[in-house]
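1. got a structure for you, letters missing:
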C-alpha cells in the first residue's frame, strides 16, 4: 500500500512537469536575456613555428611534449575555453606522419626525424577528452623561416620541386601563382582530413607574403605563363588565392561537411583611402592590396565558414582603431551566414606601445564592445602563453567575469547539422565524495552532451536552458560529476545532446532528490 501511494505521489508531481509539450518543452514568447551569452567561441592559438608555444623547445622527450600539452589544455579548461587552434603545418612540414611533407623540425630539432609517436592523433584525442574543439592550423605557403633551400631535408617538396619556391625577405615561400602549388596544398589538407578527426581546418594571415621594403615579389615570369585574362597582375594574384580558398572549402564540404573551414586574416581588408566601402583606418598593410587576400569575396560566397580577423589594436588607436574595425567586420558578415570571431592580441596586454595596453581594462573593453554587435560570435587569443601568463590579471578576469560560466560553441550556419533527440535513461545518483553523478545512455547522432542544474523542482520550458549560469559543463562522455552541488537541496538537472555542429536537442530532466525521498 505504501509503495502504491509513493507511485501515485510521484505521478501527480511529475505529470505537470512533463505535460508541457513535446519532449517536455513549453513554448514561451520570450526568454529573459541572460547576463552572459550561452554560446560563445572561446579559442586559443597554440603556435608551433619557432617553438613559440608548443613544444616549448625542440628535442623534448615524448613524455615531456605530452605533459606540456596536457597542462596547456587543463588550464584552458579551467578558464572555460572551448576551442584550440593548434599549428600542425607551420612551414610545409608535418606534426603527423606524412608521405607528402617531412616531420617538422620543431618536434625533434631535426627536420624529417620522427618524434616516435603521432603528435596530431595525440593532440586531437586530448582536446576531445576535455570537450575542446580542435582546429588544425595550417600555413598554406610558407616553406621556411630561413632563406637557404639547401638547409631543407632532401625529401622536402621545395627541394624536389625547386621551381615552386621563391626566396623573399628572410624566408622561402611557395609561389601561389603555380597550379602545382595549389594542388599540393589541397593534397596536404585532403590527406590530413581523411586520416584525423578534426573539428576545423584553419588558415592564418599569410597568403602572399607581407611586403618587404624595396623588394618586389618576383613572380613576373609566372604571371606571363599563367596570368592570361588578367591585365592587372594584382587581380591575378587575388584570383590565385581565391581559387585555393574556394577549392579547399569545396573539398572539406564534399568529404566531411561537419568540419568547419576558417581563416584568420590581417585585421584590415581595405581602408577608405582605397575603397569607399573600406574601414575608417590608415593601415600600412591591407589584405586586398598587399596580401592579395580578398576576404570580402570569400565571405560573400561562403567559401569559408568563419572569419577571425586579427584586430590586434587598441580602442582609439589612430591608424586602426579596434572600435572602428569591429562594426566594419560585423557588417561584412551580416546576412552571409559566415561566422565572425575576433582575433585578440593578448601578447600586447601590459606593453606600452601604445599606452592603452597598460590599462587592465583595455581587453575587457574589447569584449564588452563585441557584445554590442550580435554578429560577433566569440574570440580567439594570440597566443596561449600570453593569456596564461595572466598579464595585468587578465586570466583572472576571464575566470571571474567574461568566462564566469561555461559556453557552448556557436552554431556555424554554413555547416550542416541536425540536433539529436533527448538523452534517455538519465540518472542522478549521490556521489560518495559529495554532489551527484549524472549518467545517461548514448543518443543517436550525438557527439557530446550539456548538463544544466536549476534550483528546486521545475517544469521544463524552452527557457530552461538559455542561461549559462545554469550550465554545469559539456562532455563527450556518458556521465558528468556535479561535485559542487550543495547538500540537502532540491535540483532539476537537464541533460541535452549535441551533434558535431553544436546543435542542441531537447532537454531530458531528472529531479534530485527523487520525489519519494521527501
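-> Yes, it's here. The structure presented is a predicted model; accordingly, all values stated were derived computationally and were not measured.
2. please make it C-alpha for all contacts and neighbour counts, starting now.
-> Will do.
3. buried stuff in stretch 214-225?
-> 217, 219, 223 (16 or more other C-alpha atoms under 10 Å).
4. which ones among these are found in helices?
-> In helices, judged by DSSP state H, the following of the buried residues of stretch 214-225 are found: residue 223.
5. now, which of the buried residues of stretch 214-225 sits nearest residue 317?
-> Relative to residue 317, the closest of the buried residues of stretch 214-225 is residue 217; by C-alpha to C-alpha it sits at 30.1 Å.
6. hang on, the earlier thing: redo the buried residues of stretch 214-225 as CSV? Include distance to residue 252.
-> Shown next, in CSV, are the buried residues of stretch 214-225 (distance: C-alpha to C-alpha, whole Å):
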residue, distance to residue 252
217, 31
219, 29
223, 29
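7. next, format the buried residues of stretch 214-225 as TSV and append pLDDT and distance to residue 449.
-> Formatted as TSV, the buried residues of stretch 214-225 follow (pLDDT from 0 to 100; distance: C-alpha to C-alpha, whole Å):
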residue	pLDDT	distance to residue 449
217	98	50
219	98	51
223	98	52
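8. with the buried residues of stretch 214-225 in mind, which one is nearest to residue 309?
-> Minimum distance to residue 309 across those is 24.2 Å, recorded for residue 217 (C-alpha to C-alpha).
9. residues contacting that closest one?
-> Residue 217 sits next to 168, 211 when contact means C-alpha atoms under 8 Å, 6 or more residues apart in numbering.
10. ok, now the one 5 residues further on?
-> Applying C-alpha under 8 Å, 6+ apart, we find residue 222 in contact with 177-178.
11. helix or strand with the lowest mean pLDDT in this protein?
-> The helix or strand of the chain with the lowest confidence, counting by mean pLDDT, DSSP states H and E, is helix 2-18 at a mean of 39.
12. show me what the helix or strand following that one is in contact with.
-> Counting by DSSP states H and E, the next helix or strand C-terminal to helix 2-18 is strand 41-46. With contacts defined as C-alpha under 8 Å, 6+ apart, strand 41-46 is touched by 53-54, 80-87, 341, 377-384, 407-410.
13. quick one: residue 437 is in a helix?
-> No: counting by DSSP: H, G, I helix; E, B strand; the rest coil, residue 437 is not found in a helix; it is strand.
14. residue 360 touches residue 394, doesn't it?
-> Yes: taking contacts as C-alpha atoms under 8 Å, residue 360 lies within contact range of residue 394: 7.3 Å.
15. which one's more surrounded, these two?
-> Of the pair residue 360 and residue 394, residue 394 is the one with more neighbours under other C-alpha atoms under 10 Å, namely 23 against 16.
16. just the buried residues of stretch 214-225 now: which is nearest residue 234?
-> residue 223 (10.0 Å).
17. I'd like to know how far that closest one sits from residue 257.
-> 34 Å (C-alpha to C-alpha, to the nearest Å).
18. ok, residue 379 next?
-> For residue 379, the distance to residue 257 (C-alpha to C-alpha) stands at 23 Å.
19. again, but for residue 501
-> 10 Å.
20. same check, this time on residue 230
-> 33 Å.
21. so for those two, which residue has more residues nearby?
-> The neighbour comparison of residue 230 against residue 257 (other C-alpha under 10 Å) goes to residue 257, with 17 against 14.
22. next, the contact list for residue 507, please.
-> The neighbours of residue 507, taking C-alpha under 8 Å, 6+ apart as the test, are 23-24, 422-423, 460, 465, 494-497.
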